[in-house]
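*Asks:* A predicted structure for the sequence below; I have some questions about it.
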Amino acid sequence: MSAVLKLNYTDRGPLLEQVAASLDVYATQRAGLAACISEPVYMEIRYATLLLPKTLPGITQLKRMLTMNSTDVTDVIDCDDECVEVGFQGIWIASSDKAEFGTFITALAPESEQLIYQLWQLTQRQPIYFM
């Protein structure tokens, strides 16, 4: 089964997840849920980005992997001295076309998806300080 990389854009920032469903199955299920709970749903093909620190181990590997895997509509662009921007083409799902928060889903090659997810997880590890 193919998988979806899901970016939830919230007021606390993006939350990245891997979902074991195809892009069309996930979008159909999300539209069905919205219909069941009488919630408006808006879907559009868009481009989304995720910022990652350049210093993460694996950024060079990601750039190389995406260059070799031409089926992924993905870019890794140097933003500044500290970050790279990983861009994806996929489906934006929100309550309206003007919504700031929503879900973005994209389908990538499994290796690319896994590496992006692992790199993002590394950025989520916060040091714990005890008092």
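*Replies:* Yep, that arrived. Numbers count the residues shown, from 1 in each chain.
*Asks:* Quick one: neighbours of residue 11, just the number.
*Replies:* Residues contacting residue 11 under the criterion other C-beta atoms under 10 Å number 6. For glycine as for every other residue, the C-beta is placed from the backbone atoms N, C-alpha and C.
*Asks:* does it really touch residue 101, like I thought?
*Replies:* Yes: using C-beta atoms under 8 Å as the test, residue 11 is close enough to residue 101 to be in contact (6.6 Å).
*Asks:* what about the strands in the chain?
*Replies:* Here the chain has its strands, by DSSP state E, at 4-10, 13-19, 42-53, 74-78, 83-94, 102-106.
*Asks:* which regions of the protein lie under the pLDDT threshold?
*Replies:* 1-2, 69-73, 126-131 (pLDDT under 70).
*Asks:* Need the winner for burial among the strands of the chain.
*Replies:* strand 102-106 (a mean of 22; mean count of other C-beta atoms under 10 Å).
*Asks:* That strand pairs with which strands?
*Replies:* Neighbouring strands of strand 102-106 in its sheet, by DSSP bridges, are strand 4-10 (antiparallel), strand 83-94 (antiparallel).
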